[in-house]
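**Student:** my questions concern the predicted model and sequence given below.
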Amino acid sequence: MTPPPRPLRIGNASGFYGDRFDAVREMLTGGPLDVLTGDYLAELTMLILGRDRAKDPARGYATTFLRQLEDTLGLAMERGVRLVTNAGGLNPAGLADAIRALAQRLGIDCRVAHVEGDDLLGVRDWGPGVFAANAYLGGAGITACLRGGADVVVTGRVTDAALVTGPAAAHFGWAADDWDALAGAVVAGHILECGTQATGGNYAFFTEHDLRRPGFPLAEIHPDGSSVITKHPHTGGAVTVGTVTAQLLYETAGARYPGPDVTARLDSVRLAPDGPDRVRVHGVRGEAPPRTLKTGLTRLGGHRNEVVFVLTGLDIEAKAALVRDQMEGAMSKRRPAEVRWTLSRTDHSDAAVQEEASALLRLVVRDRDAAAVGRAISGAAVELALASYPGFHVTAPPGKGSPYGVFEAVDTPADTVPHTAVLPDGSRLTIPPAPTTPAAGGPVDEPPDELPDEPPLPPPLPPGPTRRAPLGAVAGARSGDKGGSANIGVWARSEDAWRWLAHTLTVDRLRELLPETVPLKVIRHPLPRLRALNFVVEGLLGEGVAAQARFDPQAKAVGEWLRSRHLDIPEVLL
């Protein structure tokens, strides 16, 4: 009897551009791996790389990855670990050439391939100010590169999960319409993509684990697409159903998670403990992918400036009113297009420490004209140093205005995007769009645009005594950004807590707890198998993280704000 093929072990060593530098070496030396991935791209990163490329057309890729390979490329080749990364950013061919040059300099035999075609900047007129236009490709180009013998595969803008679906499809020989298997790999890829967030980083119940230096995660992918999420032994952090649930809810929305390879059904995901620091992910169902690819447009939105005034001691409101009047008067001749004031009452009465006696008044201005937010603002703030409220000072010297970016997502027909795998021998292979019908049989029905508003929910808890307490006493949360929208995933850790949460945390209740969401569209997506609710708050982040429109521009802490809010909770849960 032929034994089943062993799982494919895929690790992650980067969740963003700037993640732990030593992670590549840690993952290569910490235990066995078949593939090591690195995710370096985010909406803000595309702005950074776009500005790099504008200064030097040979740049536009994540240089950190190249520096990491200086002392790890030979180690990866010795251990037979293939490297797959999106660090190519806006110039995957340039990074691939740089890796070949590095390998030659170090005397390492290394076959490098890359994926291109996502860069659509010159394909059409995207409008004024757009300096990066990139389609989110799937994993099929990576699959082709690996099947072509590549040791290192460099991509530009692919979906984060494609770094896992590509190697898994290459290893197991999945067809392009093996949607359940692909969907399972997408879910594993989503869990891995943010690195240590899957091993306890940024976790609501962080005090339960040693998080001083969490290890990076890996997935053991099985032929049917199911997986076990784990980490190397003797590394920090933890892999639990809770840490995996938290990452599954990060930057997602409803039951359908559409991507270029497959539409994964998040409402089908089942999680189960599989031993210490091991969580089994199974039951994932997949559907045909959309016929369009998400395309991210990054453009110059204008220029911004910021001044933070420190207000200390008594009469905080009056001090804030005075300096606002003074600055508004200074801006009256040429008022910037956008002026935003926020007062953060971080002060405490009768404080024993000066910082605890201080509040922060933040002025943010934006305009397409750099002059309107430059010296006109910083000069006006400096001139008030001896002529305003008592105790006047600012957190940093006011400076010039700086450019800011705006991210926008549009749809592009998949069959118009030139997805191409450039193999180690230089040959070019055109990658067709993913099928939307099975290889055999008739066409599949188009999935409905919307699932039912509410899948079957558990019965509510019976009435009983309640106590006023923070939501975080019984629920975890994880929040993040998608363009100008924020998502807040909230999950319960017991079935009784889920019965209460599912019927209590409605859209109206969320708006009561988070007043900033009142004027915005809020959509609630229940995910009963995860005992979770996922809320999408449209427009909370303005024009996206690159525009820095909000104190927390990526909505990283919105979930923790929600957990800190008090409401009546059944005593049986507390």
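**Tutor:** Arrived safely.

**Student:** who are the contact partners of the residue nearest to Leu249 when sequence neighbours are not counted?
**Tutor:** If you skip the residues right next to it in sequence, Leu249 has Gly489 as its closest partner in space, 2.5 Å away by CB to CB, 6 or more residues apart in numbering. Glycine gets a C-beta too; all of them are placed from N, C-alpha and C. Counting by CB atoms under 8 Å, 6 or more residues apart in numbering, Gly489 touches 246, 248-250, 252, 477-479, 532-535, 559.

**Student:** doesn't Gly489 belong to a helix?
**Tutor:** No: Gly489: not assigned to a helix; according to DSSP: H, G, I helix; E, B strand; the rest coil it is strand.

**Student:** neighbours around Val262, how many?
**Tutor:** Neighbour count for Val262, taken as other CB atoms under 10 Å: 31.

**Student:** quick one, phi/psi of it?
**Tutor:** With angles defined as degrees, to the nearest 10, Val262 sits at phi -170, psi 160.

**Student:** what strand or helix carries Asp568?
**Tutor:** Assigned by DSSP states H and E, Asp568 belongs to strand 566-570.

**Student:** can you list the strands that that strand pairs with?
**Tutor:** Sheet pairing here is set by DSSP bridges, and for strand 566-570 it gives strand 466-470 (antiparallel).

**Student:** dump the C-alpha coordinates for the strand it pairs with into PDB.
**Tutor:** The C-alpha trace of strand 466-470 is given here as PDB (Å, rounded to 0.1, in the frame of the first residue of the first chain):
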ATOM      1  CA  THR A 466     -25.900  40.900  34.300                       C
ATOM      2  CA  ARG A 467     -22.900  43.000  35.300                       C
ATOM      3  CA  ARG A 468     -21.400  46.100  33.700                       C
ATOM      4  CA  ALA A 469     -18.000  45.000  32.300                       C
ATOM      5  CA  PRO A 470     -15.800  45.500  29.200                       C
END
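
**Student:** show me where pLDDT drops low in the stretch 201-350 of the chain?
**Tutor:** Within the stretch 201-350 of the chain, no range satisfies pLDDT under 70.

**Student:** now do the stretch 1-150 of the chain
**Tutor:** In the predicted model, the stretch 1-150 of the chain carries pLDDT under 70 at residues 1-4.

**Student:** hmm, try it at 90
**Tutor:** For the stretch 1-150 of the chain, the stretches flagged by pLDDT under 90 are 1-6, 42-44, 46-48, 50-55, 122-124, 127-129, 131.

**Student:** which residues of it fall in strands?
**Tutor:** Per DSSP state E, counting those that start in this stretch, the stretch 1-150 of the chain carries strands over the ranges 8-12, 35-38, 82-85, 112-116, 130-135.

**Student:** and the ones you listed as JSON lines, adding distance to Gly539 and mean neighbour count?
**Tutor:** Shown next, in JSON lines, are the strands of the stretch 1-150 of the chain (distance: least, CB to CB, whole Å; neighbours: other CB atoms under 10 Å):
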{"stretch": "strand 8-12", "distance to Gly539": "31", "mean neighbour count": "25"}
{"stretch": "strand 35-38", "distance to Gly539": "32", "mean neighbour count": "28"}
{"stretch": "strand 82-85", "distance to Gly539": "33", "mean neighbour count": "27"}
{"stretch": "strand 112-116", "distance to Gly539": "33", "mean neighbour count": "27"}
{"stretch": "strand 130-135", "distance to Gly539": "21", "mean neighbour count": "23"}
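
**Student:** is it possible to get JSON lines of those strands that adds distance to Thr45?
**Tutor:** Output for those, formatted as JSON lines (distance: least, CB to CB, whole Å):
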{"stretch": "strand 8-12", "distance to Thr45": "16"}
{"stretch": "strand 35-38", "distance to Thr45": "13"}
{"stretch": "strand 82-85", "distance to Thr45": "13"}
{"stretch": "strand 112-116", "distance to Thr45": "17"}
{"stretch": "strand 130-135", "distance to Thr45": "10"}
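
**Student:** please save the CA atoms from the helix or strand hosting Gly296 in CSV.
**Tutor:** Per DSSP H and E, Gly296 falls inside strand 292-312. Extracted as CSV, the C-alpha positions of strand 292-312 are listed here (Å, rounded to 0.1, in the frame of the first residue of the first chain):
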residue,chain,number,x,y,z
THR,A,292,-11.9,40.3,-12.5
LEU,A,293,-8.7,41.1,-10.6
LYS,A,294,-8.4,43.6,-7.9
THR,A,295,-6.1,46.4,-9.1
GLY,A,296,-4.5,48.8,-6.6
LEU,A,297,-4.0,52.3,-7.8
THR,A,298,-1.6,54.5,-5.8
ARG,A,299,-1.6,58.2,-6.6
LEU,A,300,-0.2,61.4,-5.1
GLY,A,301,-3.1,62.9,-3.1
GLY,A,302,-1.3,66.1,-2.2
HIS,A,303,0.7,67.4,0.7
ARG,A,304,0.1,67.3,4.4
ASN,A,305,1.5,68.8,7.6
GLU,A,306,0.9,68.2,11.3
VAL,A,307,1.5,70.0,14.5
VAL,A,308,0.7,68.5,17.9
PHE,A,309,0.3,71.1,20.7
VAL,A,310,0.8,69.9,24.3
LEU,A,311,-1.7,71.4,26.8
THR,A,312,-0.9,70.9,30.4
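
**Student:** tell me the gap between it and the middle of its chain.
**Tutor:** Here strand 292-312 is found 17 Å from its chain centre; the criterion is CA atoms, centre = their mean, to the nearest Å.

**Student:** and that strand, what does it pack onto?
**Tutor:** Here strand 292-312 touches helix 43-55, strand 130-135, helix 316-330, strand 358-367, helix 375-383, strand 393-394, strand 402-413, going by 3 or more CB pairs under 8 Å, 6 or more residues apart in numbering; DSSP states H and E.

**Student:** buried deepest among those, which one?
**Tutor:** Greatest average neighbour count among the helices and strands packed on strand 292-312 goes to strand 130-135 (a mean of 23), per mean count of other CB atoms under 10 Å.

**Student:** what about Leu163, neighbour count?
**Tutor:** Neighbours of Leu163 under the rule other CB under 10 Å: 26.

**Student:** confirm that it sits in a strand.
**Tutor:** No: using three-state DSSP, the assignment for Leu163 is helix, not a strand.

**Student:** switch to numbering from 15
**Tutor:** From this message on, residue numbering opens at 15, which makes the last subject Leu177.

**Student:** what's the closest non-adjacent residue to it?
**Tutor:** Thr51 (4.1 Å).

**Student:** chain neighbours aside, what residue packs nearest to Trp140?
**Tutor:** That would be Ala147: by CB to CB, 6+ apart, it lies 5.1 Å from Trp140.

**Student:** for the one you found, give its distance to Thr309.
**Tutor:** Between Ala147 and Thr309 the distance is 6 Å, computed by CB to CB, to the nearest Å.

**Student:** same thing with Arg543?
**Tutor:** Here the criterion is CB to CB. By it, Arg543 lies 32 Å from Thr309.

**Student:** got it, and Leu160?
**Tutor:** 25 Å.

**Student:** who's more crowded, those two?
**Tutor:** Taking other CB under 10 Å, Leu160 and Thr309 do not tie; Leu160 has more neighbours (23 against 20).

**Student:** excluding its backbone neighbours, what's nearest that one?
**Tutor:** Counting by CB to CB, 6+ apart, Leu160 lies nearest to Ala184, which is 4.0 Å off, once chain neighbours are set aside.
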